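**Student:** whatever this is, show me its structure:
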Amino acid sequence: MTIIGLDDTDSRERGMCTTYLATRLAEAVESEGGTVHRRLLVRLNPAVEHKTRGNAALALHVDLDPDAALELAVDELEPLAEVEDPRTSPGVVVAADDPDGVPGSVADFARRAIYDLLDPAEAVELTERVGYRHRGWAGGRGRIGALAAVGAWAAFEEWTHEHIAYRRFDRCGTPRDVDEASVFDAAAAFYPRAWDTVDTGERQAVCVPNAPGPILYGIRGDDADAARRLADQIESEPIERASTFLTNQGTDAHLRDGAVGDLRDDRAYRVDGTVASAPETRAGGHVFFGLRGRGRSDGGATTAPDGAADSSAASSPPAVDCVAFEPTKRFRDRVRSLRPGDEVTVCGEVSNGTIKLEKFAVRSLQRVEETTPTCGECGRSMKSAGRAQGYRCRDCGTTAPGLDTVEVDRDLETGWYEVPPCARRHIAKPLVRGGFDAPVHPER
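**Tutor:** Here you go, the predicted structure:
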């Protein structure tokens, strides 16, 4: 078996799409008498600076001679890659390996490409050490993703599907002609086997991109046949070609367990904590709140510089800001419903020390609050009678020893909440897919 890895041929401004190149390359392999056994679309760390929107790398598992495979890849890539864009830096890696049997170092590199920031020099060094063929253009930074795509099948166990339809290449950059009503009808017929096709709340056909590339629409789901059948029901401009990929989209593969106080920028985490401050809507409609960690695991006090015990460090666990940005739309109302003291798990990328929320789980809710007592005679709020003297009704003279504790209604329940499809990252797992550790409240 031969594995062809590709990455970084597209441009944010100029368009193109590496999935389109992989589809063209698959056709070229078949025209040479080869067989394409598998097509992978691998989403890498979504925090990488140089990415286009989805940060996808591609791999084809074929039965072609590796030298011939590299030559075909170069022939297809060079006319299409947008190397005039200074941010575009394509790379190809070709491995004469079985996808299940790549070296452990290559599989580990693929895992790290989801979680961390990697250097092109490391990718080239590892590629040459394991004897893989490779080519790079304009610096060849894309060899990071290409090598990760080579190792992805051995590195990851969970895969979903995406069926992508491509428009005629000469139409790229013009408005797409897709009948939105047919998209909504098809999406309803195949949900939840196919998901994130539309956003019913925002009335958006989210499967239709806005970028100037060749993708007409992409249908995602757990069932490849359902994705293809859904696509067949969409009315649109002519389709030039189509391809169905196995992908790590919708799997949360980018998330790792973290703790407040130990988070690093440009990585994505799953973090447990307690809401430390009431949510606040700031300029631009973004909603922020503070999240406090669980506290010191050893339960002890630290030592101050003068040798005295410092109990304040033990009683003040670290905190971090969390934010739901304006494009997450109605998700912000879920965030606004949080209260200090709620126990939660939050998921998202860390940027400038702030967690950008993708989803969160309510573990427990504060259902009581302290409030100024009410006079039983006149029904008015009492006033403070002075320091440590309780409360008194100035009209009736009735008193109360302290604040009342009352139950409050909450707009949230325990369980998971998520951003809507219009704001979902490609790699983020929709709640409707299941497998979560608490009840789910899916958006669709």
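**Student:** and the nearest residue to residue 420 once chain neighbours are set aside, how many neighbours does it have?
**Tutor:** Spatially, and ignoring its direct neighbours in sequence, residue 420 is nearest to residue 443 (4.3 Å; Cβ to Cβ, 6 or more residues apart in numbering). For glycine as for every other residue, the C-beta is placed from the backbone atoms N, C-alpha and C. Neighbourhood size, residue 443 [other Cβ atoms under 10 Å]: 25.
**Student:** likewise for residue 119?
**Tutor:** Neighbour count for residue 119, taken as other Cβ under 10 Å: 10.
**Student:** now it: closest residue in space, sequence neighbours ignored.
**Tutor:** residue 144 (7.8 Å).
**Student:** identify the residues contacting the one you found.
**Tutor:** For residue 144, the contact set (Cβ atoms under 8 Å, 6 or more residues apart in numbering) comprises 7, 44, 91, 113, 118, 119, 120, 123.
**Student:** would you agree the fourth one is in contact with residue 143?
**Tutor:** No: in this structure, residue 113 is not within contact of residue 143 by Cβ atoms under 8 Å, at 11.1 Å.
**Student:** who's more crowded, these two?
**Tutor:** Neighbours were counted for residue 113 and for residue 143 using other Cβ under 10 Å; residue 143 has more, 31 against 27.
**Student:** so what's the more buried one closest to, chain neighbours aside?
**Tutor:** Leaving aside its sequence neighbours, residue 143 sits nearest to residue 91 (Cβ to Cβ, 6+ apart; 3.3 Å).
**Student:** need phi/psi at the one you found.
**Tutor:** phi -150, psi 150 (degrees, to the nearest 10).
**Student:** what's the burial count for it?
**Tutor:** 30.
**Student:** could you measure from it over to residue 76?
**Tutor:** 14 Å (Cβ to Cβ, to the nearest Å).
**Student:** ok, residue 114 next?
**Tutor:** 26 Å.
**Student:** check residue 216 too.
**Tutor:** 20 Å.
**Student:** before we move on, what about residue 267?
**Tutor:** Shown here: residue 267 relative to residue 76, a distance of 34 Å by Cβ to Cβ.
**Student:** repeat that for residue 289.
**Tutor:** Counting by Cβ to Cβ - residue 289 and residue 76 are separated by 49 Å.
**Student:** ok, now which ones touch residue 385?
**Tutor:** 391, 392, 399.
**Student:** out of those residues, which comes closest to residue 156?
**Tutor:** Minimum distance to residue 156 across the contacts of residue 385 is 60.6 Å, recorded for residue 391 (Cβ to Cβ).
**Student:** show me the shaky parts of the stretch 51-200 of the chain.
**Tutor:** Where the stretch 51-200 of the chain drops to pLDDT under 70, the residues are 51-54, 82-86.
**Student:** max-length strand in the chain?
**Tutor:** Identified as the longest strand of the chain according to DSSP state E is strand 354-364.
**Student:** next SSE downstream of that strand?
**Tutor:** Once the chain leaves strand 354-364, the next helix or strand it forms, by DSSP states H and E, is strand 368-371.
**Student:** and the contacts of that next one?
**Tutor:** Under Cβ under 8 Å, 6+ apart, the answer for strand 368-371 is 403, 404, 405, 406, 407, 408.
**Student:** the first one - how many residues pack around it?
**Tutor:** When neighbours are defined as other Cβ under 10 Å, residue 403 has 14 of them.
**Student:** same thing with the fifth one?
**Tutor:** Other residues near residue 407 come to 8 when the count uses other Cβ under 10 Å.
**Student:** kindly report the same for residue 356.
**Tutor:** 22.
**Student:** any idea how far it is from residue 417?
**Tutor:** Relative to residue 417, and taking Cβ to Cβ, residue 356 is found at 15 Å.
**Student:** show me the helices in this structure, by range?
**Tutor:** In the chain, the segments counted as helices under DSSP state H are 18-31, 66-80, 104-115, 120-129, 143-155, 180-190, 224-232, 311-315, 331-336.
**Student:** deepest of these, which one?
**Tutor:** Most buried of the helices of the chain by mean neighbour count (mean count of other Cβ atoms under 10 Å) is helix 143-155; its value is a mean of 29.
**Student:** and that helix, C-alpha only, in PDB?
**Tutor:** Only the C-alpha atoms of helix 143-155 are listed here, as PDB (Å, rounded to 0.1, in the frame of the first residue of the first chain):
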ATOM      1  CA  ARG A 143       4.600  18.800   5.000                       C
ATOM      2  CA  ILE A 144       3.500  19.100   8.600                       C
ATOM      3  CA  GLY A 145      -0.100  18.300   7.700                       C
ATOM      4  CA  ALA A 146       0.800  15.900   4.900                       C
ATOM      5  CA  LEU A 147       2.900  13.800   7.300                       C
ATOM      6  CA  ALA A 148       0.100  14.000   9.900                       C
ATOM      7  CA  ALA A 149      -2.400  12.800   7.300                       C
ATOM      8  CA  VAL A 150      -0.100   9.800   6.500                       C
ATOM      9  CA  GLY A 151      -0.200   8.800  10.200                       C
ATOM     10  CA  ALA A 152      -3.800   9.600  10.900                       C
ATOM     11  CA  TRP A 153      -5.300   6.100  10.200                       C
ATOM     12  CA  ALA A 154      -3.100   4.500  12.700                       C
ATOM     13  CA  ALA A 155      -3.400   7.400  15.200                       C
END
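**Student:** and the angle from that helix to helix 66-80?
**Tutor:** Counting by axes from the mean of the first three to the mean of the last three Cα atoms, to 10 degrees, helix 143-155 lies at 130 degrees to helix 66-80.
**Student:** what angle do helix 143-155 and helix 120-129 make?
**Tutor:** Using the same axes, to 10 degrees: helix 143-155 against helix 120-129 is 60 degrees.
**Student:** now the angle between helix 18-31 and helix 143-155, please.
**Tutor:** Using the same axes, to 10 degrees: helix 143-155 against helix 18-31 is 70 degrees.
**Student:** quick one, helix 143-155 and helix 104-115 angle?
**Tutor:** Using the same axes, to 10 degrees: helix 143-155 against helix 104-115 is 110 degrees.
**Student:** now for the closest residue to residue 184 other than its chain neighbours, how many residues are close by?
**Tutor:** Computed as Cβ to Cβ, 6+ apart, the closest residue to residue 184 that is not its neighbour in sequence is residue 198, at 5.4 Å. Using other Cβ under 10 Å, residue 198 has 24 neighbouring residues.
**Student:** and residue 29, what does it touch?
**Tutor:** Residues counted as contacts of residue 29 (Cβ under 8 Å, 6+ apart) are 35, 36, 60, 62, 64, 69, 72.
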